[in-house]
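The amino acid sequence is not available; the structure is as follows:
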């Protein structure tokens with residue numbers, strides 16, 4: 001379900017061309033894909049990130065974190081009875097988390113799977129406090145909305161329809177708060193206005209992306225200032241251009257381009273893809289549904305064309321055989337034809 005411009009009047013699926021809960025499906029599948037590929041990368045260095053043998057041992061990380069925050073240590077006595085002690089307990093939790101992400105991508109029992117992924121994600125965050133950053137916290141927020149979002153398509157004018165609408169609206173409002181507060185915080189100092197923040201971010205060896213823009217910025221320093229002012233404009237003006245449907249499509253494209261740039265230039269792909277998933281789920285479900293519909297029609301047209309292409313040689317062989325028979329009839333002597 002979408003909303004009519006900025007009002008709270010719900011718009012049905014027939015008005016927008018998108019399913020009333022397509023945003024929930026996009027959020028679950030998008031978060032599942034992003035977190036799964038992130039988990040695959042973490043598996044390569046799991047022992048150094050989480051567990052007793054990590055660079056910062058989990059025993060220290062869990063002591064610094066809040067006591068009420070869930071962590072693997074809560075379940076170590078229970079897992080020890082099954083022979084999962086020490087590093088094995090952390091590996092088991094992360095393996096279960098990875099499997100559940102696959103189920104979330106497949107939309108298998110979405111409510112139960114979302115709750116399980118959200119719980120395990122919170123446990124893993126509580127045990128690796130020194131290895132997480134903003135993308136992981138935003139992913140946890142997104143998984144929380146996955147738990148609350150409806151699993152199926154509610155009927156029109158039903159209570160479930162209104163709950164889905166209000167939850168979607170709350171999700172949009174939280175994104176608005178995230179972008180506006182981030183933009184205002186950046187605007188307090190001069191670093192983003194004069195381009196200094198852009199230059200120092202691109203100069204960090206840890207944040208070296210696929211594309212090295214430093215030579216270009218060194219030749220044209222004004223580009224760094226324009227990039228900083230563009231980020232401030234996109235974030236502070238987010239609610240004024242993202243909420244109205246007239247400008248939503250253009251502003252959504254700008255936001256996606258900004259986060260793709262973060263991935264390309266700063267190599268922060270987890271954060272970039274996370275924000276793209278959240279934005280498309282919150283404000284782009286209608287456009288995504290239309291895109292999927294067009295791709296489905298294109299796929300059907302390709303299949304029909306392929307079937308016709310395979311059937312044409314058979315028809316041509318039949319036509320050629322008929323033409324050969326008629327030619328032999330015309331070329332044969334009259335007596336032979338009568339015989």
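Arrived safely. Keep in mind that this is a model prediction, so the values were computed, not measured. Numbers count the residues shown, from 1 in each chain.

If you rank every helix and strand of this protein by mean pLDDT, what lands last?
One helix or strand of the chain scores below all others by mean pLDDT, DSSP states H and E: strand 2-3, with a mean of 38.

My read is that residue 148 contacts residue 167, right?
Yes. Using CB atoms under 8 Å, residue 148 is in contact with residue 167, at 5.7 Å. (Glycine included, C-beta is placed from N, CA and C.)

who's in contact with whatever helix or strand residue 34 lives in?
Residue 34 belongs to helix 22-43 when elements are defined using DSSP states H and E. Applying CB atoms under 8 Å, 6 or more residues apart in numbering, the contact partners of helix 22-43 are 1, 19, 49, 94, 97-98, 101-102, 104-105, 107, 110, 114, 117, 121, 139, 142-143, 145-146, 149-151, 164, 168, 171, 270, 273-274, 276-278, 280-282, 284-286, 288-289.

Sort out which of those are buried, if you could.
With burial judged by 16 or more other CB atoms under 10 Å, the buried subset of the contacts of helix 22-43 is 1, 19, 49, 94, 97-98, 101, 104-105, 110, 114, 117, 121, 139, 142-143, 145-146, 149-151, 164, 168, 171, 270, 273-274, 276-278, 280-282, 284-286, 288-289.

Where does the prediction get shaky in the protein?
1-21, 61-68, 129-130, 152-158, 312-339 (pLDDT under 70).

Domains in it, by residue range?
22-152, 298-338 (automatic domain parsing).

Go through stretch 197-205 and flag the buried ones.
197, 198, 199, 201, 202.

should've said stretch 114-131
For stretch 114-131, burial by neighbour count (16+ other CB under 10 Å) applies to 114-118, 120-129, 131.

Residue 277 - nearest residue in space that isn't next to it in sequence?
Leaving aside its chain neighbours, residue 277 sits nearest to residue 30 (3.5 Å; criterion: CB to CB, 6 or more residues apart in numbering).

I meant residue 119, not that one.
Using CB to CB, 6+ apart and skipping residues adjacent in sequence, the residue nearest residue 119 is residue 70, 7.4 Å away.

sorry, back to before: helices - which of the buried ones among the contacts of helix 22-43 land there?
49, 94, 97-98, 101, 104-105, 110, 114, 117, 121, 139, 142-143, 145-146, 164, 168, 171, 270, 273-274, 276-278, 280-282, 285-286, 288-289 (DSSP state H).

Backbone torsions only: list them for residue 150.
Per-residue torsions, residue 150: phi -70, psi 150 (degrees, to the nearest 10).

can you list the domains of the chain in JSON lines and add distance to residue 262?
As requested, these are exported to JSON lines (distance: least, CB to CB, whole Å):
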{"stretch": "domain 22-152", "distance to residue 262": "11"}
{"stretch": "domain 298-338", "distance to residue 262": "31"}
